[in-house]
Every structure is written in C-alpha cells, then in structure tokens.
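[1] pasting the sequence and the predicted coordinates here, then a few questions.
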Amino acid sequence: MTAQKGEEKILVEVKSFIGISGLHDFEVALGKYTLYLTVLRKRKLNYVLCVAIDEKAYKSTFQRPMIQLAVEEHQIPLIVTNLNQEEVIKWINYPTIAP
C-alpha cells in the first residue's frame, strides 16, 4: 500500500503475525523488509518503507527484547493499528509523522 504526505511518499508493508510462531513471522517480515528496502534504494525510489502490525502483535511479539533490538538496529518504522476499529494507534521510529 502506498500513501503520500506532502512531498513524502510512504510504502506500507502490512504484516498479520498469525502464524504458529511470532518469532518466525518476524524473521520473515524482516527478510521482506530488507529485500524491499534494497530494491527501493537500488532503483532510487524515494519512499519511507513502513511495516504495519496489529496492536496485539505489537504487545506480544514486538515486546521481546531480541525483536526490539532488531527493529532499532534496522530502524524499521512501525505503524501499530487496531484492526477492529480500523485506526492507527501509534507510529514508531517514523521520522516525521506523530500520532
């Protein structure tokens, strides 16, 4: 999904984290994030790449120290959402957008 705020273009990868293992789901998401970011940079496409996750995944999987460390290390912008209310709860590591 893509969006735009002023001159800034945002590319959002939506992840479900409904598999058997939250850690495995994160490993897959991190691999895809890295791949997409590589392609964007190689093609010189000026997008901010974000990962959108449900609030439940954020409160469980993304509170693990190892995952927090990886998110910080890769500076992954996260969009935490409430799927039931279809709203953004918070933006994390996003350079210019605040909740």
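    That came through, no problem.
[2] what's the span of stretch 40-53, first residue to last?
    One end of stretch 40-53 to the other measures 21 Å (CA to CA, to the nearest Å).
[3] contacts for that stretch?
    Contacts to stretch 40-53, defined as CB atoms under 8 Å, 6 or more residues apart in numbering, come from residues 1-2, 8-15, 17, 29, 33, 36-37, 62, 76-81, 94-95. All C-beta spots, glycine's among them, are computed from the backbone N, C-alpha and C.
[4] longest helix of this structure?
    As assigned by DSSP state H, the longest helix anywhere in the chain is helix 22-42.
[5] buried ones in that one, by neighbour count?
    Using 16 or more other CB atoms under 10 Å as the test for burial, helix 22-42 gives 22, 25-26, 29-30, 33, 37, 40.
[6] now stretch 49-68
    Buried residues in stretch 49-68 (16+ other CB under 10 Å): 49-55, 57-58, 61-62, 67.
[7] filter the residues you listed down to just the ones in helices.
    Those of these mapping onto helices are 55, 57-58, 67, per DSSP H.
[8] adding pLDDT and distance to residue 88, write those residues out as CSV.
    Shown next, in CSV, are those (pLDDT from 0 to 100; distance: CB to CB, whole Å):
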residue, pLDDT, distance to residue 88
55, 94, 10
57, 92, 14
58, 94, 12
67, 94, 20
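[9] of these, closest to residue 86?
    residue 55 (11.8 Å; CB to CB).
[10] look up how far residue 83 lies from the closest one.
    8 Å (CB to CB, to the nearest Å).
[11] what does residue 23 give?
    21 Å.
[12] ok, the buried residues of stretch 49-68 vs residue 87, which is closest?
    The closest of the buried residues of stretch 49-68 to residue 87 turns out to be residue 55 (CB to CB; 9.8 Å).
[13] residue 89 versus that closest one, what's the distance?
    In terms of CB to CB, residue 55 sits 5 Å off from residue 89.
[14] right, I'll leave it there.
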